[in-house]
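1. compute the structure for the input listed below.
(2 chains)
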Amino acid sequence: KQEVTQIPAALSVPEGENLVLNCSFTDSAIYNLQWFRQDPGKGLTSLLLIQSSQREQTSGRLNASLDKSSGRSTLYIAASQPGDSATYLCAVTIMRDAGKSTFGDGTTLTVKP
Amino acid sequence: EADIYQTPRYLVIGTGKKITLECSQTMGHDKMYWYQQDPGMELHLIHYSYGVNSTEKGDLSSESTVSRIRTEHFPLTLESARPSHTSQYLCASSEWGASYGYTFGSGTRLTVV
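-> Numbers count the residues shown, from 1 in each chain, chains lettered A, B, ... in the order given. Presented below is the predicted three-dimensional model:
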């Protein structure tokens, strides 16, 4: 069974700092991996999706990378802002069960002004 | 604009009442999902569907039921609400293909008193 782990569970940084969020998974035969942002009491907003054949995706200040051999993905946030404060989740879909994704528990990020 | 809609956004209801949470998507996606999430906690998959007249139970046992009579519509019903059903319910959709990720609705926050 695929297991997805996100460490740390919580992170607090000063505004302007560059930071990296981590997502580890146990089954490397992945189909795709998706990063989401969730604000308190809200739904999940998709940030980036990396297909199995890709190594990274970029959107604005966000860059997500994928290393299947080591079972890791990272989300890099450049020049963090207080508005980036939220919980960030990764979701991994594997080849043999492409219908459903396995979600990590998330990293709660606080960016202090 | 392609999107996924959940209604109501908030619902407070008495014990024993029957309720239906609505979820509709305009993207023509075959795959739809219901997740349950308590505040600050992880997502739990409770139901999913891969197409019309196809429904399956998820990883977390739930007393709710779902139907998929039309591609765009995936309602969730609780026949007799209880305080233990108090939670946030998130609907999502996706399509087959590694380039497709999940799109989530804004959620329904249910409180049973």
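2. interface residues of chain A facing chain B?
-> Taking CB under 8 Å from any CB of the partner chain as the contact definition, chain A meets chain B at A:31-32, A:34, A:36, A:40-46, A:49, A:51-53, A:89, A:91, A:93, A:98-101, A:103, A:105-106. C-beta coordinates here come from the backbone N, C-alpha and C atoms, glycine included.
3. try it again with 10 Å
-> Neighbours of chain B within chain A, by CB under 10 Å from any CB of the partner chain: A:1, A:30-36, A:38, A:40-54, A:87, A:89, A:91, A:93, A:95, A:98-106, A:108.
4. of the residues you listed, select the buried ones using a PyMOL command.
-> Those of the residues of chain A next to chain B that count as buried under 16 or more other CB atoms under 10 Å in any protein chain shown are selected in PyMOL with:
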select buried, chain A and resi 30+31+32+33+34+35+36+38+42+43+44+46+47+48+49+50+51+52+87+89+91+93+98+100+101+102+103+104+105+106+108
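5. mind listing which of the residues of chain A next to chain B are in strands?
-> A:30-36, A:38, A:44-51, A:87, A:89, A:91, A:93, A:101-103, A:108 (DSSP state E).
6. report how many residues lie close to A:D27.
-> 17 (other CB atoms under 10 Å in any protein chain shown).
7. read off the pLDDT value for B:E1.
-> Note for B:E1: predicted pLDDT of 61.
8. ok, A:R37 - how many residues close by?
-> There are 19 residues near A:R37, going by other CB under 10 Å.
9. isn't it right up against A:A86?
-> Yes: the pair A:R37 / A:A86 is scored as a contact, 4.8 Å apart, by CB atoms under 10 Å.
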